[in-house]
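Peer 1: Next come a sequence and a model predicted from it.
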Amino acid sequence: MSDADPSGSGADPDAGRGVEPTDPGADEGFEPVDVFPDSDDFDLRPGSDSCYKCSTCDTNCPVAEVDDDFPGPKFQGPEQWRLKQNEDDYGIDESVMDCSNCMRCDNACPAGVPLSQMHNTARGQYVSDEMSRFSRKYLRNRVLANYRLFARLGSKVPRLSNALLNNRAVQWLNERLLGITGEREFPSFAAETFREWWTARGGAAASREHAATARERRGEPRDADKRVAYFHGCYANYNTPEVARATVRVFEWFGYEVAVPEQGCSGTPMFANGMLGDARRHAETNVASLSALAERGYDAVASCTSCSMALRQEYPELFDIDGIEAAAAHTFEAVEYLRIHEDLRDAVADAEVDDDSAAEFVYHAPCHARNQGLARQSLELFRELDGVDIEDAGDSCSGISGTYGWKADKYETSMAIGEEMFDHMEAAAGETGMTECPTCAMQMEHGTGYEIRHPLELLEAALVDDG
């Protein structure tokens, strides 16, 4: 890992709440919702008083829209906490496990009630106090929440793992024994993980040289202080290393030295399944790495919008870990970071793609991108790119919501939620999908059969291969 000097950038205090990022050079820290400043034990009951029962969250909830039995985010959040405020022995209602953690309710609430924070905390309490450790649902949820562990094992023998996991008999057993749906194909493990590629390529030293060469090409000082830490997450490491490689190459093309720090899972699947103890252990690793790098001038960039969402919003809302504010304040989604610090639009407008990359794309904005104010950035960016047409798949949720759509009892609900997105995609001219979220990509491919690309892959094709 290379040494670093401060880059002097910070994140918008409203990042993660549907607000556009600040201008370059801003130095304001991320401020998670301060539900009640006099409390230091994360007791969310007083925060329920901000809710005035308008039910906007319920009308924007994709689960409530298709499942009449789901009581909705208003009940899962402020109403449950009001009950707990008056009755200390009131338990958490089991229906909180039916929440998909899409976090659309956060964006919808006109009063700024921290609904997803309440839901995450309630799920954690339900799993801790109410859920049997020997139940099939607990075992299933623990397996899905800790995907990183199984991906690390599976990637050791990727061809065998891929064959076994997508064997019909194994899928049948998974559904019968664990409740993991047999309707979906498991994502393939890559023959070479991103971190294996990174090490074989030469790590930070190789990136430093690539970046210096790019700065010379761009007419910038060879020793300019442009450095980022890449939080690649689990999926880009084990399943789609092409996305992670594209991220590195695009940032190097703009003259950034890239560091790949020690990291665990972002915790997103653990939040969604109430495994807050597991999430905290991974958060401690991530916060230690990223806060130390922030002190040395690094900003962190993530190619997955759920990862950036967890690091910049959910961590400081749920955990009290030394350095957590610095890690959150210096975390960005990757394209967002380039839009802030580089003339990305002009770079794309001056580029073109070859015939292999030219396509008509249908773009889906993940819910966790919308919550960070990033819903339209790819649409705006690639409309300037010669050889590419891009259409919006609408504002519906994909329905898979990470591990939610992998549960046998939620599969039909997830497909019902995604139906509007499927219809938009099939009505569009393009037959190639685009999204920043790997699980949204799974759902898009599953529902339409389209090939799905990441915006950073298209940026690589437009800029790096052309430059």
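Peer 2: Structure's in. What do you need?
Peer 1: by contact count, what packs against the helix or strand hosting A122?
Peer 2: Take DSSP states H and E as the rule and A122 turns out to sit in helix 115-129. Using 3 or more CB pairs under 8 Å, 6 or more residues apart in numbering; DSSP states H and E, the elements in contact with helix 115-129 are helix 80-86, helix 104-108, helix 268-272, helix 276-295, helix 315-318. Every residue, glycine included, has its C-beta placed from N, CA and C.
Peer 1: relative orientation of it and helix 276-295 in degrees?
Peer 2: 130 degrees (axes from the mean of the first three to the mean of the last three CA atoms, to 10 degrees).
Peer 1: Pull the distance from the helix or strand just after helix 115-129 to the chain's centre.
Peer 2: As assigned by DSSP H and E, the chain's next helix or strand after helix 115-129 is helix 136-145. Centroid separation between helix 136-145 and its chain, computed with CA atoms, centre = their mean, to the nearest Å, is 20 Å.
Peer 1: between helix 136-145 and helix 115-129, how big is the angle?
Peer 2: Going by the same axes, to 10 degrees, helix 136-145 makes 130 degrees with helix 115-129.
Peer 1: any residues touching helix 136-145, and which ones?
Peer 2: Residues outside helix 136-145 that contact it (CB atoms under 8 Å, 6 or more residues apart in numbering): 97, 127, 131-132, 150, 177-180, 269-270, 272-275, 278, 403, 406-407.
Peer 1: right, and the helix or strand after it?
Peer 2: helix 147-154.
Peer 1: Tell me the buried residues in that next one?
Peer 2: Y147, R148, F150, A151, G154 (16 or more other CB atoms under 10 Å).
Peer 1: And stretch 90-104, by the same measure?
Peer 2: Quick answer for stretch 90-104 (16+ other CB under 10 Å): I92, D93, S95, V96, M97, D98, C99, S100, N101, C102, M103, R104.
Peer 1: One more: stretch 456-467?
Peer 2: Applying 16+ other CB under 10 Å to stretch 456-467 flags L456, E457, L458, L459, E460, A461, A462, L463, V464 as buried.
Peer 1: Looking at the residues you listed, which is nearest P241?
Peer 2: Here the nearest of the buried residues of stretch 456-467 to P241, counting by CB to CB, is E457; it sits at 11.4 Å.
Peer 1: still on that earlier bit, the helix holding A122: how far from the chain's middle?
Peer 2: Here helix 115-129 is found 19 Å from its chain centre; the criterion is CA atoms, centre = their mean.
Peer 1: now do stretch 363-372
Peer 2: Offset of stretch 363-372 from its chain centre (CA atoms, centre = their mean): 9 Å.
Peer 1: contacts for it?
Peer 2: In this structure, residues lying in contact with stretch 363-372 by CB under 8 Å, 6+ apart are 15-18, 102-104, 106-107, 305-306, 308-309, 312-313, 333, 336, 374-376, 378-379, 382, 390-393, 395, 397-398, 401, 421, 425, 433-437, 440, 444.
Peer 1: Give the PyMOL command for selecting the buried subset of the residues you listed.
Peer 2: Paste this into PyMOL to select the buried members of these, with burial taken from 16+ other CB under 10 Å:
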select buried, resi 15+16+17+102+103+104+106+107+305+306+308+309+312+313+333+336+374+375+378+379+382+390+391+393+397+398+401+421+425+433+434+435+436+437+440+444
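Peer 1: just checking, which of the contacts of stretch 363-372 belong to strands?
Peer 2: E333, I390, E391, D392, G433, M434 (DSSP state E).
Peer 1: ok, the first one touching S306?
Peer 2: No - with the criterion set as CB atoms under 8 Å, E333 and S306 do not qualify as a contacting pair; they are 10.1 Å apart.
Peer 1: list the contacts for the most centrally placed residue in the chain?
Peer 2: The residue lying closest to the centre of the chain (CA atoms, centre = their mean) is S306, at 1.3 Å. By CB under 8 Å, 6+ apart, the contact set of S306 is G233, S266, T268, P366, H368, G402, C437, T439.
Peer 1: which one of the residues you listed is nearest D354?
Peer 2: C437 (26.6 Å).
Peer 1: these two touch, right, the closest one and C304?
Peer 2: Yes - counting by CB under 8 Å, C437 touches C304, with 6.5 Å between them.
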